[in-house]
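[1] Following is a predicted model, sequence given first.
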Amino acid sequence: MKPFRYEHADDVSGAIAMLARAPRGAFLAGGTNLVDLMKLEVATPDVLVDVRHLTSDRIEELADGGLRIGAAVPNSDLAANRAVRRRYPVLSEAVLAGASGQLRNVATTAGNLLQRTRCVYFQDVTTPCNKREPGSGCSAREGFHRELAILGWSEQCIATHPSDMAVAMVALDAVVLTQGANGPRRIPLTELHRLPGQQPERDTVLEHGELITAVDLPPLAFATRSRFRKVRDRASYAFALVSVAAALDVADGVVRDVRVALGGVAHKPWRATRAEAALRGAPATERSFVDAAAAELADARPLPGNAFKVPVARGAIVRTLLDLLEVQR
Amino acid sequence: MDVEITLRVNGTEHRLAVDTRTTVLDALRERLGITSAKKGCDHGQCGACTVLLDGRRANSCLALAVAHQGAEIVTAEGLTGDGRLHPLQSSFIEHDAFQCGYCTPGQIVSAVGMLREADEGWPSAVSGAADRDGVALDREEIRERMSGNLCRCAAYANIVSAIAEVARR
């Protein structure tokens, strides 16, 4: 690990000011991903500004009927929260599907969103990787890419975003609240993470020194009927090959409204807007679900090692919607 | 870059100067001589380094010591009281829940944390998000909740039995 200075700030604005003066510095929260990347020398910050005690670790009611999740809320508290379990079960299930009990106790809400890809080449400094070292090339395209993207990738990068939690939050239209040198911002979570394009080194639209302070969940009545399904190599404690977060609202046999998002398929948590558009107003039948999944995956560009993800994603979407349909009967 | 810190381990306060890169695991083992927490993978994947941080189980290999000053740290040594083993420690012996023993302190500390989580009604990927009265720790639940602790000897069957017996009490 490279040497670094460790700094405290009294408040959020102090922490932002510290990082503004440190172009190679980083915020430290739970550290479950950052400290690991520092050991691997994938991340080499020269100063860490500890923000773990600066943002809220509480989940609060919003006036509009939604919830505000403080950036420092540990993943385990988020999953166990009664309001989350009752109103947004897909989010609790997604968090519980990820990592281990030990990691969920320490990893924070904001840190979960900002964790880096687990592409093996990104984590191995002896190999070329455009995300870690822009311009060095992508080792994964013709290497081990079984776990990598089938949608929205670029010639430069085929990494996937590893979070389960973010997939559920994207389905729920979560909004990320930030503070930075230019003041506060509200960023729809669907727009926080980027596709790799020509700049795979940039995971998100956040500026250097911009700090996530909270995540807002808007009210969504039918999210009481929502589910998360994760396909992975082990029964527990493994990253998603494919995951699906969905909520379904059916009236008189017709899909009145629906939310679908996919994980493990792209550089960002993938909101399945095409599948949703195909489903709204359609009969709530397996046929409709199959057609919607096909519409979403029509542009998939799998590589030789991950072509299996297309049928897996199709099946996971259909199965999740059928499960939700069953709940409504 | 050395920093003066205070760590509270198993009820005792320690003052020490550490390089900022020192993890809680390395501070325990290399500086304080508290060696029950083991360095397995050193990347948060195996659970051999599990300690209780302010009552919650955590991977000490990913926790920077400078960031956890003042936290109450408990290792397997701290579970024994008056020379008597913790019920989970006894149960691991009774059920032959280990072979080489390297993962055992982490397994036991993790199980202590896991039982507290279940007592508080925390859900799991097995029980699902739905609100229930209490958590029934059957074998499937225990396996899921303990999935952050690997055992290369694959003593899992007896580890689950050892924990299940304490969970029933």
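    In hand now; what should we look at?
[2] List the residues that contact the residue of chain B found nearest chain A.
    Nearest to chain A, among the residues of chain B, is B:Gly148, at 2.5 Å (C-beta to the nearest C-beta). The C-beta positions use only the backbone N, C-alpha and C, and glycine is treated the same way. B:Gly148 sits next to A:Ala99, A:Ser100, A:Gly101, A:Gln102, A:Leu103, A:Tyr237, B:Gly47, B:Thr50, B:Asn59, B:Ser110 when contact means C-beta atoms under 8 Å, 6 or more residues apart in numbering or on different chains.
[3] Show only the entries of the residues you listed found in helices.
    A:Gly101, A:Gln102, A:Leu103, B:Ser110 (DSSP state H).
[4] which two from the residues you listed end up farthest apart in space?
    A:Leu103 and B:Ser110 (11.5 Å; C-beta to C-beta).
[5] So which of the two has more stuff around it?
    B:Ser110 (28 against 25; other C-beta atoms under 10 Å in any protein chain shown).
[6] Which residue, other than its chain neighbours, is closest to that one?
    Excluding the flanking residues, the one nearest B:Ser110 by C-beta to C-beta, 6 or more residues apart in numbering or on different chains is B:Thr50, at 4.5 Å.
[7] go on, A:Ala181?
    A:Ala20 (5.3 Å).
[8] Phi first, then psi, for the one you found.
    phi -60, psi -30 (degrees, to the nearest 10).
[9] and if you look at B:Leu52?
    Torsion angles, degrees, to the nearest 10, at B:Leu52: phi -90, psi 120.
[10] which ones are touching it?
    Per C-beta under 8 Å, 6+ apart, neighbours of B:Leu52: B:Ala58, B:Glu72, B:Ile73, B:Val74, B:Thr75, B:Val109, B:Val112, B:Gly113.
[11] Which positions in the helix or strand where the last one lies come out as buried?
    Assessed by DSSP states H and E, B:Gly113 sits inside helix B:104-119. In terms of neighbour count (16 or more other C-beta atoms under 10 Å in any protein chain shown), helix B:104-119 has its buried residues at B:104-115, B:117-118.
[12] what residues go with each domain of chain B?
    B:2-79, B:87-168 (automatic domain parsing).
[13] now those in CSV, with mean pLDDT?
    CSV is the format used below for the domains of chain B (pLDDT from 0 to 100):
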stretch, mean pLDDT
domain B:2-79, 97
domain B:87-168, 96
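[14] Could you give me the buried positions within stretch B:4-24?
    For stretch B:4-24, by 16+ other C-beta under 10 Å, it's B:Ile5, B:Leu7, B:Arg8, B:Val9, B:Asn10, B:Val18, B:Thr20, B:Arg21, B:Thr22, B:Thr23, B:Val24.
[15] now stretch A:227-242
    Those would be A:227-232, A:236-242, for stretch A:227-242 by 16+ other C-beta under 10 Å.
[16] so what pLDDT did the residue sitting furthest away from the middle of chain A get?
    Computed with C-alpha atoms, centre = their mean, the residue of chain A farthest from its C-alpha average is A:Asp252, at 33.5 Å. On pLDDT, A:Asp252 comes in at 96.
[17] what do you get for A:Arg24?
    On the pLDDT scale, A:Arg24 gets 98.
[18] any idea how far the nearest residue to it once chain neighbours are set aside lies from A:Arg5?
    Nearest non-adjacent residue to A:Arg24, counting by C-beta to C-beta, 6+ apart: A:Asp46, 4.7 Å away. When distance is defined by C-beta to C-beta, to the nearest Å, A:Asp46 is 7 Å away from A:Arg5.
[19] Next: A:Gln123.
    A:Gln123 is 25 Å from A:Arg5, by C-beta to C-beta.
[20] And A:Arg225, by the same measure?
    On the measure of C-beta to C-beta, A:Arg225 and A:Arg5 end up 49 Å apart.
[21] circling back to that earlier point, okay, the buried residues of stretch A:227-242 in a markdown table with pLDDT next?
    Converted to a markdown table, these look like this (pLDDT from 0 to 100):
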| residue | pLDDT |
| --- | --- |
| A:Arg227 | 98 |
| A:Phe228 | 98 |
| A:Arg229 | 98 |
| A:Lys230 | 98 |
| A:Val231 | 98 |
| A:Arg232 | 97 |
| A:Ser236 | 97 |
| A:Tyr237 | 96 |
| A:Ala238 | 96 |
| A:Phe239 | 97 |
| A:Ala240 | 98 |
| A:Leu241 | 98 |
| A:Val242 | 98 |
